[in-house]
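**Q** Here's my sequence, what's the structure:
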Amino acid sequence: MRQTWRWFGPNDAVSIDDMRQAGVEGVVSALHHLLPGVVWSPEEISRRQNDISRMKDGAASHLEWEVVESLPVSEDIKRQTGDWKTHIAAYKESLTNLAAAGIKIVCYNFMPVLDWTRTDLNHRLPNGATCMRFDLIDFAAFDIHILQRAGAADSFPDHVNEEASRRFADMPESRRAELAKNAVCGLPGAAEHLTLDDVRAHLAAYDSISADTLRTHLIDFLSEVAPHAQKLGLRLCCHPDDPPFPLLGLARIMSTEADYQHVLDAVDLPSNGVTLCSGSLGARRDNDLPAMMDRLGDRVHFIHLRNVQREGDAIVSSFHEAEHLGGVTDMVALVAAILRQESRRRAAGREDASIPFRPDHGQSILDDLGRTSQPGYPAIGRLKGLAELRGIMTALEHAEVRRSA
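**A** Next up, the predicted model:
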């Protein structure tokens, strides 16, 4: 398992020096300042590689840009409207330029409008740490009373609607504004920042697009870009929906193992793969992460390891970001499944035997609480998570453990 770390570029509060001291082996980054549909030029790619290669004092960092997260798919491609064919051509050109720069793994997602959705970016835990949280009642209050989406109340059970109305009525204006901002926060580090009117316009553009239609559009996209990636020696990997259930009346099509299997079968190329995010998928009680790794592992190109604590038994329920070894996912069992997959790859002589992972998200603790960083990406909280995951890896691969297995 190759240890990587997400970096949002020169403006990230967590520096290359911080990553180097954390002991990571590679960097996950993207050209967040470029809008979807724009070609990533060799010059822009090289500039980011140079940023990663140096510490603050100019010394070599000995780190390289190893995984792209994300090369964004435009809304035009997802809807097959407007300039979608031009955007696919630009996407393929960007892949060509990334491959020429030596980068082999490209993560993307196919979520309509919003990348991830949380109602609270700094939910306080009993121990004083903070984390991101999705509160179903708050989200219903946002959807029905703030966004005022037509038919929003039909998306929630009656008891949720009733509680959302009461909560909204008691909600001070400052919290209403904060909730609206949090709910449309979207893609981390992205150049686009959506207003409520922007969201309403996007939702209207998706009115006629069902889950089956959106899935067909994803397969059409992959039918174009995956063969190109295959020729370039690239591995594409789709990130799951976050949360893994429909929101705002929008279809979500990458939320379960069956969703992934359908797309992998439809475009059956090694370049068409999976970003296994244990946090996103773990927010659904019907997703078994270790079993998914065992069954889909041959096509897993990139892994996000984080944990969530579900706060209800329904598929659509509240949850918050837990400690990496807390929450609902058995992280020891999942890491063991990853190591089994790597062992099979080594036996088969695959060059991608070591699968890159990153400690995804993290609770804000200690000095994180006074430092502004990307939501969910504190320095110390992620370092704690990486240390815990590193401990699992070391233990499971230790000769004494292998001997007694």
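**Q** quick one: the most centrally placed residue in the chain from A211, how far?
**A** Nearest to the geometric centre of the chain sits H239, at 5.5 Å (C-alpha atoms, centre = their mean). Applying C-beta to C-beta, to the nearest Å, the value for H239 to A211 is 17 Å. (Glycine included, C-beta is placed from N, CA and C.)
**Q** and the lengthiest helix in the chain, average pLDDT?
**A** Ranked by residue count, the top helix of the chain under DSSP state H comes out as helix 211-232. Across helix 211-232, the average pLDDT comes to 98.
**Q** That helix packs against which elements?
**A** Judged by 3 or more C-beta pairs under 8 Å, 6 or more residues apart in numbering; DSSP states H and E, helix 211-232 is in contact with helix 75-79, helix 84-100, strand 235-238, helix 257-266, strand 272-277.
**Q** ok, residues contacting that helix?
**A** Applying C-beta atoms under 8 Å, 6 or more residues apart in numbering, the contact partners of helix 211-232 are 73, 77-80, 88, 91-92, 95-96, 99, 106, 110, 112, 209, 235-236, 238, 251-254, 259, 262-263, 266-267, 269-272.
**Q** Separate out the buried members of those residues.
**A** Neighbour counting over the contacts of helix 211-232 (16 or more other C-beta atoms under 10 Å) leaves 73, 77-80, 88, 91-92, 95-96, 99, 106, 110, 112, 209, 235-236, 238, 251-254, 259, 263, 267, 271-272 as the buried ones.
**Q** before we move on, back to that, okay if I get the helices and strands packed on helix 211-232 as TSV plus distance to D197 and mean pLDDT?
**A** Converted to TSV, the helices and strands packed on helix 211-232 look like this (distance: least, C-beta to C-beta, whole Å; pLDDT from 0 to 100):
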stretch	distance to D197	mean pLDDT
helix 75-79	15	97
helix 84-100	23	98
strand 235-238	29	98
helix 257-266	31	98
strand 272-277	30	98
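**Q** Nearest to L194 among the ones you listed would be which one?
**A** Closest to L194 of those is helix 75-79 (C-beta to C-beta; 11.1 Å).
**Q** quick one on the thing from earlier: dump the residue contacts of the residue nearest to the centre of the chain.
**A** Counting by C-beta under 8 Å, 6+ apart, H239 touches E69, S70, C107, Y108, N109, M254, T275, C277, S280, H304.
**Q** Between the residues you listed, which sits nearest L296?
**A** For the contacts of H239, the nearest to L296 is T275 (10.9 Å; C-beta to C-beta).
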